[in-house]
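> Structural data only, the sequence is not supplied:
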Ligand code: RNT
Ligand code: ZN
């Protein structure tokens, strides 16, 4: 257990160390406080949702593991989320999927969902000061069972999913209006073929048309922003995904919607950190799905690894916090789900802090003057500066657990609440 005075002492020393290289730690913490992270609701119940009890089906994604304590109702999920947010410094958002509707058991078809079906979420978000983001759900449904939705060859099925997309944008807009912060609604569809297709063009033309129908009505960006998420492959769509990166890059740029970059959706050696600056040269804004792919799009809990540091650096170094919406996307059912949320979200915040503690102007200057020796030397020295001491102090100041203190609290919640489910 940490004690307050040792955290404060360590911070004073760290503050001096950073001041020596021209970095103001107080300013870094103040900047971090203003960056929201959108937590994904689906970590709490293995992407199950409350529309049916069938769990996650199709979609080419999979939550593996059977750790006890999964949330079974919206109330349980919100209770778990309250614990999670109490352990993450700062004010953060919630990204909700359409299947997390709260209708008191009433069945509502996906193309008939209304803002009222999410009223309890908005009420909760308002009382806890969380902004909200939204996602139409194009999987776990009989009309998605053959692996196609918006790009389906059958016009009737496409129409159903277009209606779902339109309904979701209205719900997203209602979140934005009620919560006073724009809702980012992210469209991801699973459409693709297991084996090599003959026609790659047809499905993409159908998808382009369907998306145009979904986005036809203009919504005030003060309340709502649209985003589209591409992908390389999924389980059952190994050979061809209609909504590939190139497809959506073109779509986002020509339709002026946000492009979503998910860190698990590219070739295993390809990283999204290097794409941010390229996309931001042309796109107004980006949504991130920060995840951790292990050899494939496995959606492991976000770790504080090189790529996470790099993502944060790319956002902070270029002053892009207003143009890059940071969302998380992973689902691990093999460990305590509340802990999984906390670990990933704290890591995201920690990586942002690390980037904020960098003497960027000085590094840039080395680079511009061709002093690559100093650039490398400083980047390596920075790695062992006392980031942890600043992080601990930031947690202390924010009234959240310092160091691994949060773990005992999660274990206690597990004993008292999760294990009884
Ligand atoms: C799937 C996409 C998508 C989903 C969520 C649940 O590969 O990453 O974002 O993870 O919609
Ligand atoms: Zn994603």
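Done, it's in. All values derive from a computational prediction rather than experimental measurement. Residues are numbered from 1 along each chain as shown. Ligands and ions are numbered 1, 2, ... in the order given.

> How about the residues of the stretch 251-400 of the chain by ligand 2?
Remark: the part of the stretch 251-400 of the chain in contact with ligand 2 comprises 262, 289, 329, using CB under 5 Å from the ion. Glycine gets a C-beta too; all of them are placed from N, C-alpha and C.

> Phi first, then psi, for the last one.
What it means is residue 329. As for residue 329, its main-chain torsions (degrees, to the nearest 10) stand at phi -150, psi 100.

> My guess is it contacts residue 292. True?
No - Residue 329 lies out of contact with residue 292 (CB atoms under 8 Å); the separation is 9.9 Å.

> Have a look at those two and say which one is more surrounded.
The neighbour count for residue 329 versus residue 292, taken as other CB atoms under 10 Å, is higher for residue 329 (28 against 20).

> Look up how far residue 252 lies from the nearest residue to the more buried one once chain neighbours are set aside.
Excluding the flanking residues, the one nearest residue 329 by CB to CB, 6 or more residues apart in numbering is residue 289, at 3.7 Å. From residue 289 over to residue 252 the distance is 14 Å, taken as CB to CB, to the nearest Å.

> okay, and the common contacts of residue 329 and residue 292?
264, 299 (CB atoms under 8 Å, 6 or more residues apart in numbering).

> how about the helices of the stretch 101-250 of the chain, start to end?
If DSSP state H, counting those that start in this stretch is used as the criterion, the helices of the stretch 101-250 of the chain fall at 119-128, 155-179, 201-214, 245-255.

> no wait, the stretch 251-400 of the chain
273-280, 306-317, 337-356, 360-368, 372-382, 387-398.

> Return the most buried member of those helices.
Most buried of the helices of the stretch 251-400 of the chain, by mean neighbour count (mean count of other CB atoms under 10 Å): helix 337-356, with a mean of 24.

> Check which helices and strands that helix sits against.
For helix 337-356, the helices and strands in contact under the criterion 3 or more CB pairs under 8 Å, 6 or more residues apart in numbering; DSSP states H and E are helix 25-33, strand 37-40, helix 74-85, helix 306-317, strand 324-328, helix 387-398, helix 405-416.

> next SSE after the third one?
On the C-terminal side of helix 74-85, the closest following helix or strand by DSSP states H and E is strand 93-97.

> quick one on the thing from earlier: most packed of the helices of the stretch 101-250 of the chain?
For the helices of the stretch 101-250 of the chain, the stretch with the most neighbours on average is helix 155-179, a mean of 20; neighbours defined as mean count of other CB under 10 Å.

> what about that helix, average pLDDT?
Averaging pLDDT along helix 155-179 gives 98.

> That one to strand 93-97, inter-axis angle?
Note on geometry: by axes from the mean of the first three to the mean of the last three CA atoms, to 10 degrees, helix 155-179 and strand 93-97 are set 160 degrees apart in direction.

> contacting residues around the closest residue to ligand 1 within the stretch 151-300 of the chain?
Closest approach between the stretch 151-300 of the chain and ligand 1, counting by CB to the nearest ligand atom: residue 188, at 4.2 Å. If you count contacts by CB under 8 Å, 6+ apart, residue 188 has them with 135, 138, 228-229, 231, 243, 260.

> Return the subset of the residues you listed lying in strands.
Using DSSP state E, the members of these that fall in strands are 135, 228-229, 260.

> filter those residues down to the ones near ligand 1?
Intersecting the ones in strands among the contacts of residue 188 with the contacts of ligand 1 gives 135, 229 (criterion: CB under 6 Å from any ligand atom).

> quick one: which of the ones in strands among the contacts of residue 188 is nearest to ligand 2?
The shortest gap between ligand 2 and any of the ones in strands among the contacts of residue 188 belongs to residue 229, at 5.5 Å (CB to the ion).

> Identify the bridge partners of the closest one.
For residue 229, the beta-bridge partners are residue 260 (DSSP bridges).

> In this structure, where is pLDDT below threshold?
Counting by pLDDT under 70, the ranges of the chain that qualify are 1-2.

> Over in the stretch 301-421 of the chain, which residue gets nearest ligand 1? Let me know.
Ligand 1 sits closest to residue 329 of the stretch 301-421 of the chain, with a gap of 4.8 Å, by CB to the nearest ligand atom.

> Show the contacting residues for that residue.
By CB under 8 Å, 6+ apart, residue 329 lies in contact with 40, 262, 264, 289-291, 299.

> can you do 6 Å?
40, 262, 289, 291 (CB atoms under 6 Å, 6 or more residues apart in numbering).

> okay, now the last one: neighbour count?
Taking other CB under 10 Å as the neighbour definition, residue 291 ends up with a count of 23.

> how about the nearest residue to it, chain neighbours excluded?
Using CB to CB, 6+ apart and skipping the chain neighbours, the partner closest in space to residue 291 is residue 264 (4.3 Å).
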